[in-house]
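1. kindly generate the corresponding structure for this input.
(one chain, ligands or ions: 1)
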Amino acid sequence: MRQAIDFYTQADLENFLFKLQTLIAGSSILILDQAQQRFVYEFKAQNFNHTLFQTLKQKVRANELTIGRHIIKDASKSIELLCHSHSIHIADQNFEGTLYLLHSPQPLQRLKQDQNIVSLEQTFHSQSAEMQRMFSIIQRVAITEFPVLVRGESGSGKELVAQALHDHSQRKNNVFIAINCAALNANILESELFGHVKGAFTGAIREHKGVFERAAGGTLFLDEIAEIPLELQAKLLRVLETGEFTPLGGEKSIKANVRIITATHRALREEARLGRFRQDLLYRLRVIPIFVPPLRDRKEDIPLIANYILTEQQNVFGASPKLSDAALQKLIDYDWPGNVRELKNTLLYALTMANEKSEIDVCDLPDEIIDKQHISPSNSIIEDEPLLISDKINKEMIRKTLIQYQNDLSLAAKALNISRTTLWRYRKKFNL
Ligand SMILES: Nc1ncnc2c1ncn2[C@@H]1O[C@H](COP(=O)(O)OP(=O)(O)OP(=O)(O)O)[C@@H](O)[C@H]1O
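-> Sure, this is the predicted structure:
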């Protein structure tokens, strides 16, 4: 196995990508986060239309794009491309990913006009009324430059919404950069956002361009925006007010040319009321608020999304078992506190358990899905047990425990010594 290419920071990687794009014009670049199986960087070459690019991404996710020549087709166009891939590693985030460099020499044939944009129904595998409302907002605001704040529970698809906004905007042929504000400490985040000049602080041995500069012409997605410290909120506000930013230690301000999309699973108004988030910044960021409904409120989407995930995994597992009617019913009955991410993990578990069977049955699902008593708080016998706010259990404690156990409710409940149902009720009470 070839050794991964090492980068110290995400910015080092992006500098490298920028050079790569310049050197190999006409190539598309994708970086897949191996752990989360999601794209953290994508650059679409001009000769790809949206449908082709989505097909390409599906093939990458399904591990179908081996190094070598491929032909990617949609109804209107087909493209020959040469695929190179390489493992990469970013030291300061302990990030493992795969970089795909997709070079498309020229279109082989052009069947129709390049008019096909993947519909939002296809992107989200959804036909529910709740999502239709969201789609109509996305369609109307994608073409504007207004800042959008995406709100929704963890795993509900906020990043997918940000990506869809970019794909349907005039900036679609430029970069989309996503930064998770909760993953970086305050100093690194500041330099990651605005950059720094050489000598700006001890250890700043060379200039570093921030995402506001690197995403110029494209879209900047700031995930977990509620987690940024107050001093940085003030700086971000200034950029939004003046349209300019100054790298740390720098003297000259630079014009910002990015469309900003932010996301959070928190109620930002409440955060603002508690003094943890600036009210003025809140108003600047949520010019257009978009709410992603939790999966439990759009249960008719479960069969469609499950079907898509099973097809997507076909190549990884070498088989594509269908869900039995009873297993599908269990998925529909479950409440999905971890939303689509949890559904995806559940299906990966079920695929592993079903091991080459032609059907996934109830016995292949994880216990918490089968055992409804754990899951459905409305059926629970301890529903009326009063929730005690004490030193042991308070909002902060629950929030920290959920972060520590990455929203795994069983583990978090165990650590807090309460039942999953009670934890679920605390989360609802505290709006976590
Ligand atoms: N409608 C959908 N159809 C198919 N896959 C989806 C859908 N919504 C989300 N996913 C998948 O579920 C996972 C979680 O989605 P995403 O990262 O967009 O959620 P999020 O709300 O941004 O999560 P977090 O709050 O943890 O950042 C991803 O792998 C994504 O591709």
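2. and the residue in the stretch 301-432 of the chain that the ligand sits nearest to, which of the three is it?
-> Nearest residue of the stretch 301-432 of the chain to the ligand: Val340, at 3.6 Å (C-beta to the nearest ligand atom). Using the backbone N, CA and C atoms, a C-beta is placed for each residue, glycine as well. Each residue gets one of three states, and Val340 gets helix by DSSP: H, G, I helix; E, B strand; the rest coil.
3. could you report the neighbour count for it?
-> Using other C-beta atoms under 10 Å, Val340 has 23 other residues around it.
4. equivalent analysis for the one 10 residues further on, please.
-> For Ala350, the count of nearby residues is 23 (other C-beta under 10 Å).
5. gap between the host helix or strand of it and the chain center?
-> Element membership of Ala350, judged by DSSP states H and E, is helix 339-354. Centre-to-centre, helix 339-354 and its host chain are 18 Å apart (C-alpha atoms, centre = their mean, to the nearest Å).
6. just give the closest residue to Pro303, not the sequence neighbours.
-> Counting by C-beta to C-beta, 6 or more residues apart in numbering, Leu328 is the residue found nearest to Pro303 once chain neighbours are left out, at 6.1 Å.
7. now do the phi/psi pair for the one you found.
-> Backbone torsions of Leu328, given as degrees, to the nearest 10, read phi -60, psi -40.
8. ok, now the one 3 residues further on?
-> Recorded main-chain torsions at Leu331 are phi -70, psi -40, according to degrees, to the nearest 10.
9. what's it in contact with, if anything?
-> Leu331 sits next to 302, 306, 323, 343, 346, 365, 369 when contact means C-beta atoms under 8 Å, 6 or more residues apart in numbering.
10. contact residues of this structure facing the ligand?
-> Residues of the chain lying close to the ligand (C-beta under 6 Å from any ligand atom) are 38, 124-126, 152, 154-160, 223, 265, 305, 308, 340-341, 344.
11. these in helices, which ones?
-> 124, 158-160, 305, 308, 340-341, 344 (DSSP state H).
12. so which of the residues you listed wins on neighbours?
-> Counting by other C-beta under 10 Å, top hit in these: Lys158 with 26 neighbours.
13. let me know the pLDDT of that one.
-> Looking at Lys158, its pLDDT is 96.
14. and the closest residue to it other than its chain neighbours, how many neighbours?
-> Distances taken as C-beta to C-beta, 6+ apart put Ala263 closest to Lys158, at 4.1 Å, once the chain neighbours are dropped. For Ala263, the neighbour count with other C-beta under 10 Å is 25.
15. what does Arg278 give?
-> Neighbourhood size, Arg278 [other C-beta under 10 Å]: 19.
16. now for it: which residues touch it?
-> Applying C-beta under 8 Å, 6+ apart to Arg278 gives the contacts 230, 233-234, 237, 272.
17. only C-alpha atoms, please: export the helix holding Ala350 in PDB.
-> Extracted in PDB, the C-alpha atoms of helix 339-354 (Å, rounded to 0.1, in the frame of the first residue of the first chain):
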ATOM      1  CA  ASN A 339     -31.300  11.200  11.900                       C
ATOM      2  CA  VAL A 340     -30.000  10.100   8.500                       C
ATOM      3  CA  ARG A 341     -26.500   9.500   9.900                       C
ATOM      4  CA  GLU A 342     -27.900   7.000  12.400                       C
ATOM      5  CA  LEU A 343     -30.000   5.400   9.600                       C
ATOM      6  CA  LYS A 344     -26.900   5.000   7.500                       C
ATOM      7  CA  ASN A 345     -24.900   3.400  10.400                       C
ATOM      8  CA  THR A 346     -27.800   1.100  11.100                       C
ATOM      9  CA  LEU A 347     -27.900  -0.100   7.500                       C
ATOM     10  CA  LEU A 348     -24.200  -0.600   7.500                       C
ATOM     11  CA  TYR A 349     -24.600  -2.700  10.600                       C
ATOM     12  CA  ALA A 350     -27.500  -4.600   9.100                       C
ATOM     13  CA  LEU A 351     -25.600  -5.300   5.800                       C
ATOM     14  CA  THR A 352     -22.700  -6.700   7.800                       C
ATOM     15  CA  MET A 353     -25.000  -8.900   9.900                       C
ATOM     16  CA  ALA A 354     -27.100 -10.000   6.800                       C
END
